[in-house]
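J.: Pasting the sequence and the predicted model now:
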Amino acid sequence: MAAAKEALERANGGGCLFPSYGRRRESDAASTVLMKHLRKVSRDPKHVIHSLRHNMKDWLVLAEVPALEQNLILGHTLGGVGDKVYGGEVAKLRATTRAMRRAHKMKVPRG
């Protein structure tokens, strides 16, 4: 929580922690960078950034985490205006921290 708060402060109120990846189609660039790091620890072609997000989605669903927190954690676009405009950053950080703790405890069946 402290690290997330510090990161938000460093964003200078911009709301985007990594502005170079916050533009249209820049998510592909972020995945490319992350894949380079992943390949340093795994050569298994089944280990890809995309699959890590799918696994996290499974854990969040099994932990019965609401869609808003799922989207915040996974970096997906928020649905309605209320999701985008209302609610403070601290409340969102606390909610996503609780969600991550619940999801971390989940055992996902492999199939």
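T.: Here it is on my side, so go on. Residues are numbered from 1 along each chain as shown.
J.: Might you list the low-confidence residue ranges for the chain?
T.: 12-28, 78-88, 106-111 (pLDDT under 70).
J.: residue boundaries of the helices in the protein?
T.: 2-10, 26-41, 49-62, 67-74, 81-85, 89-104 (DSSP state H).
J.: Quick check: closest non-adjacent residue to residue 70.
T.: residue 60 (4.7 Å; CB to CB, 6 or more residues apart in numbering). Yep, even glycine has a C-beta here, placed from its N, CA and C like the rest.
J.: how close does that neighbour sit to residue 6?
T.: 24 Å (CB to CB, to the nearest Å).
J.: now the helices of the chain in TSV, with mean neighbour count?
T.: Formatted as TSV, the helices of the chain follow (neighbours: other CB atoms under 10 Å):
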stretch	mean neighbour count
helix 2-10	11
helix 26-41	12
helix 49-62	15
helix 67-74	17
helix 81-85	10
helix 89-104	15
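J.: OK, contacts around residue 90?
T.: Taking CB atoms under 8 Å, 6 or more residues apart in numbering, we find residue 90 in contact with residue 5.
J.: can you start the count at 87 instead of 1 from here on
T.: Noted, 87 is the first residue going forward, which turns the last one into residue 176.
J.: separation between it and residue 88?
T.: In terms of CB to CB, residue 176 sits 12 Å off from residue 88.
J.: likewise residue 156?
T.: 23 Å.
J.: And for residue 189?
T.: For residue 189, the distance to residue 88 - CB to CB - is 20 Å.
J.: Now for residue 143: which residues touch it?
T.: Per CB under 8 Å, 6+ apart, neighbours of residue 143: 156, 160.
J.: can you do 10 Å?
T.: Neighbour list for residue 143: 151, 156, 159, 160, 162, 189, 194 [criterion: CB atoms under 10 Å, 6 or more residues apart in numbering].
J.: Excluding chain neighbours, what is closest to the fourth one?
T.: Going back to what we said before, that points to residue 160. Per CB to CB, 6+ apart, closest to residue 160 is residue 139, 5.9 Å.
J.: what does residue 87 give?
T.: Residue nearest to residue 87 in three dimensions, not counting chain neighbours: residue 183, with 5.4 Å by CB to CB, 6+ apart.
J.: Alright, calling it a day.
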